[in-house]
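>>> take this sequence and fold it.
(chains A and B)
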Number of protein chains: 2
Amino acid sequence: MSKQSLETIRVFALGGIGEIGKNMYVIETEEDILIIDAGLMFPEDDMLGVDVVIPDISYLVQNKDRVRGIVLTHGHEDHIGALAYILRKINAPVYGTKLTIGLVEDHIKEKGLRKKTDLRLIHGDSRITVGQLPVQFFRTTHSIPDSIGVCVDTPQGKIVHTGDFKIDQTPVDGRFTDIDKLTWIGKKGVLCLLSDSTNAELPGTSPSETSTGQGINEVFEEADGRIVITTFASNVHRIQQVINAAEKENRKIAVVGHSMSKVIEIARNMEYLHCSDDIFIDASKVEEYDDNHVAILCTGSQGEPMSALTRMAKGAHRQLTIESGDTVVIAANPIPGNEKSVSRIIDFLYQLGADVIYGDANVHASGHGSQEELMLMLNLLNPTYFIPVHGEYRMQAAHAELAEKTGVHPDRSFLLDKGEVVEFSKGKAKRAGKVQSGNVLIDGLGVGDVGNIVLRDRRLLSEDGILVVVVTLNKKSSGIVSGPDIISRGFVYVRESEELLEEANKKVTSTLEKALAENVKEWSTLKSNIRDVLSRYLYEKTKRRPMILPIIMEV
Amino acid sequence: MSKQSLETIRVFALGGIGEIGKNMYVIETEEDILIIDAGLMFPEDDMLGVDVVIPDISYLVQNKDRVRGIVLTHGHEDHIGALAYILRKINAPVYGTKLTIGLVEDHIKEKGLRKKTDLRLIHGDSRITVGQLPVQFFRTTHSIPDSIGVCVDTPQGKIVHTGDFKIDQTPVDGRFTDIDKLTWIGKKGVLCLLSDSTNAELPGTSPSETSTGQGINEVFEEADGRIVITTFASNVHRIQQVINAAEKENRKIAVVGHSMSKVIEIARNMEYLHCSDDIFIDASKVEEYDDNHVAILCTGSQGEPMSALTRMAKGAHRQLTIESGDTVVIAANPIPGNEKSVSRIIDFLYQLGADVIYGDANVHASGHGSQEELMLMLNLLNPTYFIPVHGEYRMQAAHAELAEKTGVHPDRSFLLDKGEVVEFSKGKAKRAGKVQSGNVLIDGLGVGDVGNIVLRDRRLLSEDGILVVVVTLNKKSSGIVSGPDIISRGFVYVRESEELLEEANKKVTSTLEKALAENVKEWSTLKSNIRDVLSRYLYEKTKRRPMILPIIMEV
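Residues are numbered from 1 along each chain as shown, chains lettered A, B, ... in the order given. Reported below is the predicted structural model:
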């Protein structure tokens, strides 16, 4: 190992800081770049029409020859969802534990990238070398099995990234957070800790995943009719507990919804889910069972309009509908921004006469540690420097306060923004500028071809619609040959606004005639005249500002 | 009083049921119609470009000769905000208490309706007759002063509407809910109770408004720098407590934001707010005071982008900016649907270095009673029939369960939908069909000219934008004279997609040429050919479905 190339180590996030989503962290030396996670984020309200958002990886593409590996901490979309987009531009081995790799494999197969991708299986006790960097891992507990944290050895000390974690004392699969190894790492000397800030504002300890099993059991014991239960598809432990409850109460399970079926298939194949062979039935067979001998496990815990739960509730599902007497369990909390859609579906289910169990701490537990767990992690690792990650700014700030309580002086905590670099040299850290970072919006097949102008237009169009004004002019005489015609979409009911549009047409015509008579020839002037007169007139009459698109044809 | 005309009494809601917002309840006899409240609602996410939503009042307009009065229970927008729209179509006296009338007056003055409106002042102990119906009131406590409930006397028994209420044992103004009168009404015999369901899912008792005063006091005692505090503009009691804390700690208050200034002006004129004359300073004078001698009271508790708080935070306010060292207090909870925008502003304030106090039960208390209060109301009034109102369906359902606990058999609780009528005859109630009801969307000056088709178009436009295809044809030869030209908005960055659009143009041209060669003359066929070929091509290339608007001009 050339020690010289490790004299300066840079750490930064391309995503996952100042936000929940699209996690992507980078550890960089002169010769090597190690990427931790490659996640996506779902679009904000103002990103109209955008499907998903991924980090801007320009910096990595510019330095792709130094990218030696991508380590994935677990299989959630906000940690693996951008991988396919990144692998199109960067070629590097991808490291992950068994379930993570299973989910990734499925993901990149869909995108036609399986063959060219070098997937490498690791486990909690693997040791690998990425470029010149020795990397080891530690098992954690989270709302998906097989999650790990990452520890990178450098001559200046260890750099540790926790991944998403809580410290579950009674995990469903009996695989505890590896406190033993964390202690050992802590003793060896941690230069810098990057730790999950999601629940840094919550006092106490997050409840164990096992506690939701009791709540689910109670529902299964008490319900007389059918049970419909929804949770995050990736929460294999929660699904296991649903299976356990169903087996105990002698109910068959019909799985409904693409992502739920997919995850269950993968998790069963890899033996992360344990159940009798005949517990699952096809959705088409539900009718053949008594109501109290069947349960439906489905997607839709966030009230997504196209999810199985919503479709079943609205009678839009091919095989199943939710009926009076059903017990519907929403074993998840709304992700911020989804409160309204979740509340709508709950209301709808009530109206159908279903018994709805929601917002109930007995059937949902967060996968992220609360303050006591975060402080335990800090105490175990005792880092010299601290970078709170995976959270909005206020969660990062709350986490830095916790770090201070455990002995990390505020001067040694870095509240970073995306792209901001912390540089370590001789065991000392300092801020060192910023690399390019930001959001890349993906709409359909387009990666990055939707930006501010397109979004601004979509916003304008969404608010007051559009008026297209077409007019054909004679090339020689500059007289109006045809039109102006005005066509509107999303503006007003045309039938009830004939008069308004006729009057608008007259205004345009007279404006055009006047300009042409004055010998105005530039189309841009004619167009802006049309836009001005129409915009003013419509605002006066309707107080709306539709987009106005003048088109001049010449014959 | 002609008893005969009172033999059948109909009760229904045109708004406020199955939703939080646009409250409007109707009590109808053969000869008279009494309206309780006339509120607006803010648009749902899918109502693109819509400003506000009001109830469909077609039924009232059809029967406007029988409308004898509109009683307002309090001055919140979701109870008075639709009044101006309704008064344009229906002429009837409007009854309200002093502060309510004060707020209404301001409201309808803006709309030019003050002169033609017959506003009538009532107080908690007024008795009026609306048509043939004797009506009395009872004082309640809510998050705005001067709130009342309504009791209508009928030969079949009393019909009581609580308005919005909690039962605050320590109200800020010392004006308690009139338990005495409620007891008396209960003893006289209540045929039907309509009661506020907002917090029917919450166990226990809602905290007193006074409790927030303690929290606010603590903030004022402890803060060293400036205090910026935001709450709902109409929460006069909360504002009073801010004033009290400021006076105690020797701070001046600058009021920022239109609605906040307006309410404070009205409330001071009417003596609902008590303070020394010199407590308020102009925003431009804030700089003249030491940081610990000034507080800023502003709008923006819901993270509204144009509110004073957001503008001050983003440096977009004329006079004030929020700075490191400021303590910002958000003395309100996010209204469902606003969680994300509130969380965004909190994060932003943190990044500015402000100390942010939010989501803190010490500085906010709901204005709606929880389960114990709702049951107390039910027990006091002991109604024969019960209609839970003011809530989404699940809250109505929860409220009906509470009613059952207090002795109202489920058969005598009506979980209504908007427009559904309950008819009382000889003291017995039954469901009796439905009157027209629904949402009327207001966009700018247009009332009801935006409906499903316009909204569908706006949604399509917002997702993938629009492509306009214009072509000029020769009337006689049917040859292409000019075009096709393709113009897009909100679809892709045009500069980066030249090739795509050129190829699209070729597809359209060849499709058109082929159709014209085959002698297709109908424009509708040509247009649908254009739409088909373009839509297919673009979806294949981009997986997007922009709106496609073909325009054919003829010369």
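>>> quick one: contacts for the residue of the stretch 51-200 of chain A found nearest chain B?
The stretch 51-200 of chain A approaches chain B most closely through residue A:51 (8.6 Å), counting by Cβ to the nearest Cβ. C-betas here are computed from N, CA, C, even on glycine. By Cβ atoms under 8 Å, 6 or more residues apart in numbering or on different chains, residue A:51 lies in contact with A:43, A:442-444.
>>> next secondary structure after the helix-or-strand element of chain A with minimal mean pLDDT?
Least confident element among the helices and strands of chain A, by mean pLDDT, DSSP states H and E: strand A:446-447 (a mean of 76). As assigned by DSSP states H and E, the chain's next helix or strand after strand A:446-447 is helix A:452-464.
>>> okay, now residue A:61: neighbour count?
13 (other Cβ atoms under 10 Å in any protein chain shown).
>>> am I right that it falls within a strand?
No: per DSSP: H, G, I helix; E, B strand; the rest coil, residue A:61 lies outside any strand segment and is helix.
>>> my guess is it contacts residue A:90. True?
Yes: between residue A:61 and residue A:90 there is a contact at 6.5 Å, judged by Cβ atoms under 8 Å.
>>> returning to that earlier point: near chain B, which of the contacts of residue A:51 show up?
A:443-444 (Cβ under 8 Å from any Cβ of the partner chain).
>>> how near is the residue nearest to residue A:245 when sequence neighbours are not counted to chain B?
Once flanking residues are discounted, residue A:245 sits nearest to residue A:220: 4.0 Å by Cβ to Cβ, 6 or more residues apart in numbering or on different chains. According to Cβ to the nearest Cβ, to the nearest Å, residue A:220 stands 22 Å off from chain B.
>>> got a list of contacts for the one helix or strand residue A:220 maps to?
Per DSSP H and E: residue A:220 is located in helix A:209-222. Identification of contacts with helix A:209-222 by Cβ under 8 Å, 6+ apart yields A:141, A:143, A:168, A:170-172, A:227, A:229, A:237-238, A:241-242, A:244-246, A:248-249, A:251, A:295, A:327, A:329, A:331, A:357, A:360-365, A:367.
>>> residue A:324 touches residue A:351, doesn't it?
No: if you go by Cβ under 8 Å, residue A:324 and residue A:351 don't touch, sitting 9.9 Å apart.
>>> neighbour-wise, which of those two wins?
Counted by other Cβ under 10 Å, residue A:324 and residue A:351 do not tie: residue A:351 has more neighbours, with 18 against 10.
>>> now do the contacts for that one.
Applying Cβ under 8 Å, 6+ apart, the residues near residue A:351 are residue B:393.
>>> where does it land on pLDDT?
Looking at residue A:351, its pLDDT reads 91.
>>> residue A:500 now?
pLDDT, residue A:500: 88.
>>> distance of it from residue A:540?
11 Å (Cβ to Cβ, to the nearest Å).
>>> neighbour count winner among these two?
residue A:500 (19 against 9).
>>> which residue packs closest to that one, ignoring adjacent ones?
residue A:541 (6.0 Å).
>>> for the residue located most distally from the centre of chain A, pull up the helix or strand it's in.
Distance to the chain centre peaks in chain A at residue A:477, reaching 58.1 Å (criterion: Cα atoms, centre = their mean). Assigned by DSSP H and E, residue A:477 falls within no helix or strand.
>>> which strand runs longest in chain A?
strand A:480-489 (DSSP state E).
>>> what angle sits between it and strand B:480-489?
Counting by axes from the mean of the first three to the mean of the last three Cα atoms, to 10 degrees, strand A:480-489 lies at 30 degrees to strand B:480-489.
>>> show me which residues of the following helix or strand past strand A:480-489 are buried.
Downstream of strand A:480-489, the first helix or strand assigned by DSSP H and E is helix A:498-517. Buried residues in helix A:498-517, counted by 16 or more other Cβ atoms under 10 Å in any protein chain shown: A:500-501, A:504-505, A:507-508, A:511-512, A:515-516.
>>> quick check: the residue of the stretch 1-150 of chain A nearest chain B.
As assessed by Cβ to the nearest Cβ, chain B sits closest to residue A:49 within the stretch 1-150 of chain A, at 3.9 Å.
>>> what count of nearby residues applies to residue A:139?
With other Cβ under 10 Å as criterion, residue A:139 counts 22.
>>> buried sites along the helix or strand encompassing the residue nearest to residue A:500?
Following DSSP H and E, the helix or strand that holds residue A:541 is helix A:523-542. Neighbour counts over helix A:523-542 (16+ other Cβ under 10 Å) mark A:526-527, A:529-531, A:533-535, A:537-538, A:541-542 as buried.
>>> and which of these is nearest residue A:282?
Of all the buried residues of helix A:523-542, residue A:282 sits closest to residue A:542, with 53.8 Å by Cβ to Cβ.
>>> so the closest one touches residue B:445, yeah?
Yes: using Cβ under 8 Å, residue A:542 makes contact with residue B:445 at a distance of 5.3 Å.
>>> please state the backbone phi and psi of the nearest residue to residue A:439 once chain neighbours are set aside?
Of all residues not flanking residue A:439 in the chain, residue A:53 sits nearest, at 5.0 Å (Cβ to Cβ, 6+ apart). The phi/psi pair for residue A:53 (degrees, to the nearest 10) reads phi -120, psi 130.
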